[in-house]
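Any chance you could fold what I've pasted below:
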Amino acid sequence: MTLSSVTRLQPPTNVPTAFQSRENSIVYITMANTPEPKTSYTIVVKLGSSSIVDEVTKEPKISIMSRIVETLVKLRRDGHKVVIVSSGAIATGLKHLSLDKRPKKLAQVQALAAIGQGRLITLWDSMFRHFNQVTAQILFTRNDITDYTQFKNAENTLEELINMGVIPIVNENDTLSVQEIKFGDNDTLSAITAGMCHADFLFLLTDVDCLYTDNPRTNPEAKPVLVVRNMKNLNVNTKSTGSAIGTGGMTTKLIAADLGTSAGVTTVICKSTVPENILAIVNHSKESDVKLVSDEEWENESFEDFEKLNSEEFNTLQRLNLPLHTRFIGQSVHNTIKDKEFWLLHGLKPAGELIIDLGCYKAITRKEKAGLLPVGVITTEGTFHESECVELKVGVRDSNGDLDRSTPLIYIGRGRCNYTSSEIEKIKGYQSNQIESILGFADSEYVIHRENLAFPPHQDIDVEGLLKEYASLRV
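You can find the predicted model right below:
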């Protein structure tokens with residue numbers, strides 16, 4: 001399908017451009033380190049409750065849902081693979097119990113999810129059935145992916161369904177989840193789903209056409225942000241709340257974008273009321289983002305480069321009569337994280353913290369990384385068991401070798417420990433050959449094996465420089 005076959009919408013003329021272009025040339029960017037555009041993409045589409053359920057009447061937005069279904073069927077027939085992450089179970093339950101607002105009591109929320117989920121999936125399935133498109137329901141809780149084998153099983157099931165030509169419809173299993181029924185949950189779930197199925201695109205459909213520097217409803221000077229390839233250059237105000245029936249907001253969409261791009265997924269924020277825009281955006285990205293830029297260019301992009309790129313993108317969208325949207329460009333192939341690293345960073349919930357010194361940090365992050373030895377551990381925070389996930393932070397020792405709590409800690413990644421927090425407290429600072437004499441056993445010479453360490457791929461932090469800066473401030 002070419003761009004000429006897609007209905008294009010003119011960006012609003014009253015939207016102030018954030019960036020004034022000084023050149024007519026277009027800077028192209030890439031989502032994968034491949035010389036030619038792909039002809040088939042895996043596309044995850046996330047729909048919030050407010051996108052498919054009316055906030056006042058709690059009735060499903062049938063007209064919008066129908067357009068979404070037609071759009072996704074069109075993508076399927078064009079050869080693309082499609083996954084839906086759909087909120088709305090709780091909102092649907094509100095309608096069937098004639099309740100005006102989402103209750104605060106957790107048990108009531110879970111009961112509403114149980115009532116609404118079956119009705120929601122039935123509605124989706126009945127609409128897709130008109131086009132002979134088979135769907136499948138997948139309900140996740142975080143506990144379903146806390147074990148790596150379970151994570152891979154879920155990944156394999158998703159892949160098999162997609163290869164069968166089925167459209168999986170994913171949702172958080174709100175009836176069984178406890179801590180996950182909270183603000184922004186399905187934004188994160190959609191990014192995890194996109195990572196699991198190695199998607200090319202994640203579309204976050206919302207009630208605005210793109211990301212703005214401020215809330216466009218309250219600030220007429222808010223400017224659109226159209227292309228982001230380095231999250232460090234973002235300077236936006238996302239202070240807002242989710243809808244009355246949902247749990248999301250722009251902040252959680254930025255978190256999802258950061259998570260998705262680390263897995264190589266180009267993440268798009270666009271307007272839910274015009275789902276047909278997905279077709280135009282996919283084709284625009286296919287034609288523009290395949291042009292390569294060097295990794296050095298990605299990492300060293302200045303704010304001025306960011307402004308220039310966005311100015312040129314705004315002009316391009318106007319020239320091609322394409323809709324406003326925000327694209328967060330996925331990391332290039334050799335910068336994306338592997339399945340296990342993705343699982344460690346995003347599939348698990350940290351049970352505590354492990355504070356290490358600078359020497360240990362250098363050893364575990366060098367090109368031929370080492371395992372994390374007890375000699376480099378300063379202390380632990382929280383109580384955790386062996387094989388549980390912990391956050392890794394770099395700190396400074398005081399004159400006694402303990403943690404200098406006047407110096408800020410620097411987060412660097414995550415890992416799964418071979419020992420409990422109490423055992424690590426006993427062996428911290430000692431050599432590995434002393435573990436058995438201290439504990440009476442030695443399951444491993446490492447506190448964390450190198451295969452169980454994971455670091456964010458685009459985390460650009462000068463840890464040593466920061467620690468020196470902190471030290472100078474104390475003088």
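
Please list all residues in contact with residue 422.
By Cβ atoms under 8 Å, 6 or more residues apart in numbering, residue 422 lies in contact with residue 383. In short, each C-beta sits where N, CA and C put it, glycine included.

how much space between it and residue 311?
Distance, residue 422 to residue 311, using Cβ to Cβ, to the nearest Å: 56 Å.

any idea which element residue 355 lies in?
strand 352-356 (DSSP states H and E).

Could you list the domains of this structure?
3-335, 350-474 (automatic domain parsing).

Could you identify which of those is most buried?
Of all these, domain 3-335 carries the top mean neighbour count, a mean of 19, counting by mean count of other Cβ atoms under 10 Å.

centre of the chain versus the strand holding residue 355, how much separation?
24 Å (Cα atoms, centre = their mean, to the nearest Å).

C-terminal to it, which secondary structure element comes first?
Note on strand 352-356: by DSSP H and E, the next helix or strand toward the C-terminus is helix 358-365.

For the nearest residue in space to residue 164 that is not next to it in sequence, give its distance to residue 221.
Among residues not flanking residue 164 along the chain, residue 134 sits closest, at 7.7 Å (Cβ to Cβ, 6 or more residues apart in numbering). As judged by Cβ to Cβ, residue 134 and residue 221 stand 48 Å apart.

residue boundaries of the helices in the stretch 201-350 of the chain?
For the stretch 201-350 of the chain, applying DSSP state H, counting those that start in this stretch gives helices covering 250-262, 277-288, 295-299, 303-319, 339-342.

Among these, which comes closest to residue 225?
Closest approach to residue 225 among these (Cβ to Cβ): helix 303-319, 6.4 Å.

Let me know the angle separating that closest one from helix 277-288.
Interaxial angle of helix 303-319 relative to helix 277-288 (axes from the mean of the first three to the mean of the last three Cα atoms, to 10 degrees): 120 degrees.

separation between residue 377 and residue 313?
46 Å.

got any ranges where the stretch 251-400 of the chain has weak pLDDT?
Scanning the stretch 251-400 of the chain for pLDDT under 70 picks out the ranges 289-300, 333-335.

repeat that with 50
The model of the stretch 251-400 of the chain has pLDDT under 50 over residues 292-295.

mind putting the domains of the chain in TSV, distance to residue 342 included?
As requested, the domains of the chain are exported to TSV (distance: least, Cβ to Cβ, whole Å):
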stretch	distance to residue 342
domain 3-335	5
domain 350-474	8
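
Least confident of the ones you listed, on average?
Mean pLDDT values for these show the minimum at domain 3-335, a mean of 81.

Might you calculate how far it sits from the centre of the chain?
Remark: domain 3-335 is offset 10 Å from the chain centroid, using Cα atoms, centre = their mean.

Now render the helices of the stretch 201-350 of the chain as CSV, adding distance to residue 331.
Shown next, in CSV, are the helices of the stretch 201-350 of the chain (distance: least, Cβ to Cβ, whole Å):
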stretch, distance to residue 331
helix 250-262, 6
helix 277-288, 15
helix 295-299, 8
helix 303-319, 17
helix 339-342, 12
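
quick one, which of these is nearest to residue 82?
Closest among these, using Cβ to Cβ: helix 277-288, at 9.8 Å.

Does anything pack onto the closest one? Which helices or strands?
strand 42-47, helix 62-77, strand 201-206, strand 266-271 (3 or more Cβ pairs under 8 Å, 6 or more residues apart in numbering; DSSP states H and E).
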